[in-house]
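In: Sharing a model prediction with you, sequence too.
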Amino acid sequence: MSTLPPLTAVRAFEAVARHLSFTKAAAELGMSQAAVSYQIKILEERVGAAVFLRKPRQIALSETGAQLAPQLRQAFDLMRNAFAEAHDRLGGVLNITTVPTFASNWLAQNLGLFQVNHPDIAVRLDSSSGVVDLLHDEFDIAIRTIPSHAPLPGLVTHLLIKADFSPLVSPALANSIGGVARPEDLLKLRILDPQDEWLEHWFKAAGVAGYSSKGRPISHFGLQSLLGTAALAGQGVAMLTPGFFHDEIASGRLLQPFDLLASDGRGYYLVYPEARRNVPKIRAFRDWLLSATEPLRAE
């Protein structure tokens, strides 16, 4: 049985394979490019085959390299997670990145309940819609809007709430035209974010053909929290996820004229690495969040 290559050589190969660049790998590892090349040479001598194909101004994995790369990356992920888990037990800081809509419409109002039950876990919250690499970035978990069957290798997903939508309007604005009895009545009112594709989806599902934003004052609020605030102020009809506005609807401050919910197949999901599913702080937050959001899914 052959002995393992030096760990430095294996680490250099994993970094170069990930970046497909000796320069980027050297910067990440704090080594010179020549030192990285030397480590790759040591690895190739031990393996007995080239692991990269050198081309003008670029490199590619050889057949042997392509076989090694994913398994070695997984091995380094396991080691990284093992050390992270050991650190987590001491540090107890939970790093969460969440899309702004979920942060402002639900998490901000409820996160204190988690912290009351888990005073030993400090929470650092990032509100962002950007793509993050949970397998390598600083965040422990993410809350993102994704299609229901999107493949996410190496990650676990839990549905928190479907991104269904329906028009919401203030009662005063609805009464200004004598009430909203039919979907067509909504077209008599100002439409907030008239270019939002959700509007076309909903009106089509409601049997109202040919919705168009043409001729309507253009606005772009983007976030459901901002749209909801504008709707509460009577500024227009907003296409929103009713589950995020349960209290406003129940109190009568917002009116959902129709039970019809449309969908584009997306939902708000809790996401975290499979390899870290049993980290105590992740497990604690997952269990609390799934229980706390159960009413959202029931609706």
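Out: Yep, that arrived. Residues are numbered from 1 along each chain as shown.
In: Send me stretch 64-77 as PDB with only the CA atoms.
Out: Only the C-alpha atoms of stretch 64-77 are listed here, as PDB (Å, rounded to 0.1, in the frame of the first residue of the first chain):
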ATOM      1  CA  THR A  64      -6.400  11.500 -12.700                       C
ATOM      2  CA  GLY A  65      -6.800  15.000 -11.300                       C
ATOM      3  CA  ALA A  66     -10.500  15.100 -12.000                       C
ATOM      4  CA  GLN A  67     -10.900  11.800 -10.100                       C
ATOM      5  CA  LEU A  68      -9.000  13.100  -7.100                       C
ATOM      6  CA  ALA A  69     -10.300  16.700  -6.800                       C
ATOM      7  CA  PRO A  70     -13.900  16.100  -5.600                       C
ATOM      8  CA  GLN A  71     -12.900  13.500  -3.000                       C
ATOM      9  CA  LEU A  72     -10.100  15.600  -1.600                       C
ATOM     10  CA  ARG A  73     -12.300  18.700  -1.500                       C
ATOM     11  CA  GLN A  74     -14.800  16.700   0.500                       C
ATOM     12  CA  ALA A  75     -12.000  15.500   2.800                       C
ATOM     13  CA  PHE A  76     -10.900  19.000   3.500                       C
ATOM     14  CA  ASP A  77     -14.500  20.100   4.100                       C
END
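In: buried stuff in it?
Out: 65, 68, 69, 72, 73, 76, 77 (16 or more other Cβ atoms under 10 Å). All C-beta atoms are positioned from the backbone trio N, CA, C, and that covers glycine.
In: How about stretch 235-247?
Out: Counting neighbours by 16+ other Cβ under 10 Å, one finds that the buried residues in stretch 235-247 are 235, 236, 237, 238, 239, 240, 241, 242, 243, 244, 245.
In: Filter the residues you listed down to the ones in helices?
Out: When the buried residues of stretch 235-247 are checked against helices (DSSP state H), there are no matches.
In: and which of the buried residues of stretch 64-77 is nearest to residue 249?
Out: residue 77 (44.0 Å; Cβ to Cβ).
In: which ones are touching that closest one?
Out: Contacts of residue 77 were listed using Cβ atoms under 8 Å, 6 or more residues apart in numbering, and they are 135, 136, 154, 273, 275.
In: Columns pLDDT and secondary structure on top of these, output as CSV?
Out: Putting the contacts of residue 77 into CSV (pLDDT from 0 to 100; DSSP: H, G, I helix; E, B strand; the rest coil) gives the following:
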residue, pLDDT, secondary structure
135, 70, coil
136, 68, coil
154, 86, coil
273, 90, strand
275, 84, helix
